[in-house]
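Q: Provide a 3D model corresponding to the input given below.
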Amino acid sequence: MKHLSWKTTKRKKVHDCRIFDIYEVDRIAQDGRKGTFIQIDAPDWVTVIPLTRDQFGNRCFMMVKQYRHGNESITVEFPAGTVEKDELPKHAAFRELLEETGCRPSRLIKIGDVSPNPAFLTNTVTYYVAEELEFIQQQSLDEHEMIDIELIPVNEVLHAMGTGEYDNGVMVAALEFYVRWRGLVRDLRD
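A: So this is what the prediction gives:
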């Protein structure tokens, strides 16, 4: 597989953004082809899937509803955020869950991680399930965050994910990891 690799010959920052940096990267392939590529150097992210029950005992996800400036829409997502410099992903997951929902979990279980788009992003998203939630404080949101918290039945999310307000691709991956973790994946062979 070495024949598929490219060697970096130069990496230059071309733009410093508030939430990521953009680099131009010169590379050469094993067969001698050369190219300049764009690389977005973004911090790692965490996504937390908080499990709880509603007043009727139905299994629910605690989800957040917020406006997203990229696609100019309101989305329903699992609590998520960036991993700060020198912060462990698990600590970021605890922090983000607490900031966005005011809840602390008794158990936080890592269920997977992925590269959200290796074509140009450098970061990783790590996914956690949070269980046995305890409300301990009010939300502590960032300056421009406005978040509503909703308990949504798991089955409703399973059927809606990837459509309408549930169209965030990172959340689709989160739900896939949850489905695997719960053992809900069925053998799809004929």
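
Q: what does the model give Arg189 for pLDDT?
A: With respect to pLDDT, Arg189 scores 55.

Q: repeat for His144
A: 87.

Q: can you check Gly70 too?
A: The predicted local confidence for Gly70 is 89.

Q: what's the answer for Leu133, then?
A: In this model, Leu133 carries a pLDDT of 96.

Q: Let me know how buried Ile152 is, in neighbour terms.
A: Burial of Ile152 is recorded as 17 neighbouring residues (other CB atoms under 10 Å). In short, each C-beta sits where N, CA and C put it, glycine included.

Q: Same check on Ala174?
A: So Ala174, with other CB under 10 Å, has 26 neighbours.

Q: likewise Asn168?
A: Asn168 is flanked by 21 other residues according to other CB under 10 Å.

Q: now swap in Glu99 and tell me
A: Counted with other CB under 10 Å, Glu99 comes out at 17.

Q: How about His144?
A: 7.

Q: who's the spatially most central residue of the chain bridged to?
A: By CA atoms, centre = their mean, the chain has its centre lying nearest to Thr47, at 4.2 Å. Assessed by DSSP bridges, Thr47 has beta-bridge partners Ala80, Tyr127.

Q: Identify the residues contacting it.
A: Going by CB atoms under 8 Å, 6 or more residues apart in numbering, Thr47 touches 78-80, 125-128, 170-171, 174.

Q: In PyMOL, how would I select just the buried ones from those residues?
A: Listed next is the PyMOL selection for buried residues among those, using 16 or more other CB atoms under 10 Å:
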select buried, resi 78+79+80+125+126+127+128+170+171+174
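
Q: so which of the contacts of Thr47 comes closest to Leu98?
A: Lowest distance from Leu98 to those (CB to CB) belongs to Pro79, with 9.1 Å.

Q: need the contact list for that closest one.
A: Going by CB under 8 Å, 6+ apart, Pro79 touches 47-48, 50, 62-64, 96-97, 100-101.

Q: low pLDDT regions in this structure?
A: 185-190 (pLDDT under 70).

Q: Tell me if I'm right that Pro116 and Trp45 touch.
A: Yes. With contact defined as CB atoms under 8 Å, Pro116 counts as touching Trp45 (7.3 Å).

Q: so what does the host helix or strand of Cys60 touch, helix or strand wise?
A: Assigned by DSSP states H and E, Cys60 belongs to strand 59-68. Here strand 59-68 touches strand 45-53, strand 73-77, helix 89-101, strand 148-153, helix 154-160, going by 3 or more CB pairs under 8 Å, 6 or more residues apart in numbering; DSSP states H and E.

Q: Thank you kindly, that will do.
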